[in-house]
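next come a sequence and a model predicted from it.
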Amino acid sequence: MNWSEGWCDVVGEQTDNGEVKMASIEGSARERLILALDLDDAVAALRLATSLGEYFATAKVGLELFSAAGPSVVFSLREAGFRVFIDLKLHDIPTTVGRAAHVLGSLGPTFVTLHAAGGVEMLRLGMQGLMEGSRKADEEMPIALAVSVLTSESRVESGLLKTRISHAFAAGVQGYVASAHDLATIRAVAPSMVSVVPGIRQSGAPTHDQGRPATAQEAFAAGADYLVIGRTVTAAADPKAAAESLVSGLLG
Ligand SMILES: O=c1ccn([C@@H]2O[C@H](COP(=O)(O)O)[C@@H](O)[C@H]2O)c(=O)[nH]1
């Protein structure tokens, strides 16, 4: 299998209203799949990521792993060649989020999440923190992602979704995290933002706590730029075989 095949269509693509999507989205399956390392142990997380590196260019550090291992796991994953997605869904008063984002920006992640429920001012200070933190550390500015409505919610009110995304766009946030089922609604208000979709499950597989799951094929067909892959692969008896099957299904 040649993992660099496919998906060259997104870079510089013109959206319906003539805007151009961010050029940082690259072509291959591996570039567009994000591995969710939901573990409480840095050594185990690094081992799992390394064993799946041919399928995933990006490793996601969420609340569990960051709480267990702190910033050092971000450095370890970067050293191992991964882009790092820090998924802490920052949501607090604007000053606190701005200061936390300053720290996170200095760690050199590629993606960082802020919760869109925090409102425009919180998101704006979060963006400023990321920008200044990364600049001072001589790192690239990460792509900030606004968490719209958690994919564990089984019902979403479209007005709320649109308001949150509009706030993120107004604050200069470049992308969002959303269910595949919400992408069309979101694109109507923010066609140029980068979309990241968790809650991916194979057809008929257990959905766990995901309220609005979709298959990888459905998510890409709905216009997802990146997919977050968690238990579909990490909880499988053979994670490598599960990753192979997922990617083969996409390329085949
Ligand atoms: O709305 C959201 C935002 C983030 N997530 C995160 O994605 C993964 C999904 O893991 P699965 O094992 O595939 O369910 C996990 O790290 C969540 O924190 C999300 O699911 N939904």
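Noted; the coordinates are in hand.

quick check: closest non-adjacent residue to whichever residue of the chain sits closest to the ligand.
Relative to the ligand, the nearest point of the chain is Gly230 (2.4 Å; Cβ to the nearest ligand atom). Placement of C-beta: from N, CA and C, glycine included. Leaving aside its chain neighbours, Gly230 sits nearest to Ala36 (3.6 Å; criterion: Cβ to Cβ, 6 or more residues apart in numbering).

which strand residues bridge the one you found?
Applying DSSP bridges to Ala36 gives these bridge partners: Lys60.

does it touch Glu64 like I think?
No - checked against Cβ atoms under 8 Å, the pair Ala36 and Glu64 is beyond contact range at 9.9 Å.

give me the more crowded residue out of the two.
Ala36 (24 against 15; other Cβ atoms under 10 Å).

can you tell me the number of residues neighbouring Ala241?
So Ala241, with other Cβ under 10 Å, has 11 neighbours.

in which helix or strand does it reside?
Taking DSSP states H and E as the criterion, Ala241 maps to helix 239-251.

then Thr232?
Residue-wise, Thr232 maps onto helix 231-234 under DSSP H and E.

other residues contacting that helix?
Residues from elsewhere that reach helix 231-234 (Cβ atoms under 8 Å, 6 or more residues apart in numbering): 35-39, 48, 52, 55, 200-202, 205, 208, 239, 242-243, 246.

quick check: mean pLDDT across that helix?
Helix 231-234 carries an average pLDDT of 98.

what's the residue nearest to Gly230 in contact with, if anything?
Neighbouring residues of Ala36 by Cβ under 8 Å, 6+ apart: Lys60, Gly62, Asp87, Pro198, Val228, Ile229, Gly230, Arg231, Thr234.

list the residues that contact the fifth one.
Contact partners of Val228, counting by Cβ under 8 Å, 6+ apart, are Ile34, Ala36, Lys60, Val177, Val196, Val197, Pro198, Gly199, Ile200.

would you check that the third one makes contact with Leu35?
Meaning Lys60. Yes - judged on Cβ under 8 Å, Lys60 makes contact with Leu35 at a distance of 6.4 Å.
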